[in-house]
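S.K.: Provide a 3D model corresponding to the input given below.
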Amino acid sequence: MNFETIKSELSFSFIRSGGPGGQHANKVSSKVMLLFDVEASQGLSEQEKERISLGLSSRMNKRGQFILTSDETRSQFKNKQIVTERLMSLLETQLKDEKKRIATKIGKLEKARRLDAKKKRGLRKKFRQKPKFDD
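M.R.: Numbers count the residues shown, from 1 in each chain. Down below sits the predicted model:
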C-alpha cells in the first residue's frame, strides 16, 4: 500500500454542515465528503483491493467508491485532515493480518477452584431448602 499515491487519488467535495452555528453554518461549506475509488487505485495491489472491498463493503457505494464524511469542526481544512486520517487508519486495520489464537489448556489448579466453587454454590442452595422429616 502506497500512502502518497492513495492521497493523490482522493477526491473531496465540500458541503454546508448542518446543525447549530448561526450565520457561519449558513454561509461556509465546512463539511467534507471524501470519495476514494478502490478498484481504480494505483496505490493498492489486487489482493489489497479485494480484501478492502470485502471487509468494508458496507461503506462503499454501488460504483465501488469508498465514502467518508466529517463535520466535526468548523474548519474545512481540519475536517479534511480528519477524514483523510480516518480513511488511512481504516485501510491499515483492514489490511493487517489477524493473529491466530493459540488454544491453551486449563490448569489443574484452575479446574480445582472451579469445582470447589460449584460445590460451595450447591451446598448453599441445599441449605436454603426446607428440611425433610422422615416419619
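S.K.: going forward, measure contacts and count neighbours with C-alpha atoms only.
M.R.: OK.
S.K.: if I look at residue 37, how far off is residue 12?
M.R.: 12 Å (CA to CA, to the nearest Å).
S.K.: Not counting sequence-adjacent ones, nearest residue to residue 34?
M.R.: residue 12 (4.7 Å; CA to CA, 6 or more residues apart in numbering).
S.K.: which element is the one you found on?
M.R.: Assessed by DSSP states H and E, residue 12 sits inside strand 11-15.
S.K.: Can you read off the backbone torsions of residue 34?
M.R.: Dihedral angles of residue 34 (phi, psi; degrees, to the nearest 10) stand at phi -100, psi 130.
S.K.: From what I see, it and residue 9 are in contact.
M.R.: No. Look at residue 34 against residue 9 with CA atoms under 8 Å: they stay out of range, at 10.6 Å.
S.K.: returning to that earlier point: other residues contacting the strand holding residue 12?
M.R.: 29-36, 76 (CA atoms under 8 Å, 6 or more residues apart in numbering).
S.K.: Just the mean pLDDT for it, thanks.
M.R.: Averaging pLDDT along strand 11-15 yields 84.
S.K.: What strand or helix carries the most centrally placed residue in the chain?
M.R.: With distances taken as CA atoms, centre = their mean, residue 90 lies nearest the centre of the chain, 7.6 Å away. Element membership for residue 90 (DSSP H and E) is helix 76-95.
S.K.: Pull out the buried positions in that helix.
M.R.: 76, 78-80, 82-84, 87, 91, 94-95 (16 or more other CA atoms under 10 Å).
S.K.: Would you map the strands across the chain?
M.R.: Assigned by DSSP state E, the chain shows strands spanning 11-15, 31-37, 65-70.
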